[in-house]
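[1] need a 3D model of the following:
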Amino acid sequence: MSLLLMMTGCTPAAPALLPASQEPAATIPPASHPWAGTEFIEKTFEWSHWQYDDVSWTWSARIPTALYEDYRSRPRPTTGDYAVYAADDGDHEILADLAATLQRIIDQLGIDEYERVHFIANFVQQLEYTTDMDTTGFDDYGRYPVETLVEDGGDCEDTAILLGKLMDAMGYDVVLVRLPEHMALGVREANKFVGTYYEYEGVKYFYLETTGEAGRIGMVPEEYKGQAAYIYDFSPRAIVTHTWSGQRVDATYQMLVTVTNHGAAELRDCTVRAGFDAGNEQMWNAVQSEPFSIASGESTDIALTLDIPNYPHTRLLVFVVHEGFAIDKSLSRWFDEEPVEEQS
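    Predicted structure coming up:
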């Protein structure tokens, strides 16, 4: 579940434009990796905490190469709900072992609840920050936690996903905080928490930076202060995207819409609604599918036929609807607009 919280005025990103008769290409992973042909990937991580200047701790993991390759080969869903990368439980044993190691050290040190959060965060904050463009060649490329561990880091989305799933496994109530150009974590209010928080479903979640070692509860970097945030919890749920293709047949437009559920729960009684943009949030010749359900990890195809209106300046609008709300949407280019050629 997600919610947009307005700290100050902010306009969320517009839906991606889809050509009228072409599905977007899937984001594929880089072609090769240095562990190909091995059975396990041996990793050792070292981290420290500011209260213990002369001490560092290590955690070692044997990550099955096949598990890493499985996550690495998965398409990256075109959704802003990055909790999709925490939905799979294939990494349960690895994160449970890390969680047990952190908990054992915390108990030995006798750290109070406030500093426990920072001690756990330090493990992730001290991973290397890398940009998606430098490591994958893509502008935006979310990573599953196993990928972030194997690759020794990632960008803000990757570290927020890893820390969020780790803390969730340790019993903390956390949410993803998605700002316009950044992502962090929100941790449920506890003793000594002060600073910036987001109220979500009646609970205060305090901002926690997951990149860099200076991140403390409630402290938002200067460049992100006052921005609106989408909030995503880690509850098992359906996370839906769609693609579509279509063509004109006489006076009709025939579409095939593919709806995919990337989440951890079944989606029931949803519909696809499509029509031609009439302006003022209205549609010409709108049609709606029969209700359908999609299991976790499954896709379904929905065929629709629309009558083409006698107005050349229009475009197709497509919505996946659940309980009266659009949970995914897309639009074509304007029908009377020529495609723009790429300039070399």
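[2] next, the buried residues of stretch 55-72.
    Along stretch 55-72, these residues count as buried under the neighbour rule (16 or more other Cβ atoms under 10 Å): 57, 59, 61, 63-65, 67-69, 71-72. For glycine as for every other residue, the C-beta is placed from the backbone atoms N, C-alpha and C.
[3] quick check: the farthest pair among these?
    Farthest pair in these (Cβ to Cβ) is Trp57 and Glu69. Separation: 28.9 Å.
[4] doesn't Met283 make contact with Asp277?
    Yes - here Asp277 reaches Met283: they are 6.6 Å apart, a contact under Cβ atoms under 8 Å.
[5] which residues do the two both contact?
    Jointly contacting Asp277 and Met283 under the rule Cβ atoms under 8 Å, 6 or more residues apart in numbering are Leu317.
[6] tell me the domain ranges of the chain?
    With domains defined by automatic domain parsing, the chain comprises 2-233, 240-331.
[7] pLDDT weak spots in the stretch 201-344 of the chain?
    Along the stretch 201-344 of the chain, segments meeting pLDDT under 70 span 214, 338-344.
[8] what distance do you get for Leu256 to Leu304?
    Leu256 sits 8 Å away from Leu304, going by Cβ to Cβ, to the nearest Å.
[9] and for Phe193?
    49 Å.
[10] next one: Thr159
    41 Å.
[11] between those two, which one's more packed in?
    Neighbour count, other Cβ atoms under 10 Å: between Thr159 and Leu304, Thr159 has more, with 28 against 20.
[12] just checking, the more buried one touches Leu149?
    No - Thr159 is beyond contact range of Leu149, at 10.8 Å (criterion: Cβ under 8 Å).
[13] the stretch 1-150 of the chain: strands as residue ranges?
    2-5, 40-49, 52-64, 128-129 (DSSP state E, counting those that start in this stretch).
[14] buried residues in stretch 224-241, which are they?
    Residues of stretch 224-241 classed as buried: 224, 227-234, 237-241 (neighbour count, 16+ other Cβ under 10 Å).
[15] again, but for stretch 100-109
    101-102, 105-106, 109.
[16] so which of those would you say is closest to Thr211?
    Looking across the buried residues of stretch 100-109 and measuring by Cβ to Cβ, the closest to Thr211 is Leu102, at 18.8 Å.
[17] number of residues surrounding the closest residue to that closest one other than its chain neighbours?
    Excluding the flanking residues, the one nearest Leu102 by Cβ to Cβ, 6 or more residues apart in numbering is Ile120, at 5.5 Å. Per other Cβ under 10 Å, the neighbour tally for Ile120 reads 25.
[18] doesn't Met170 make contact with Ile120?
    Yes - Ile120 lies in contact with Met170 (Cβ under 8 Å); the separation is 6.9 Å.
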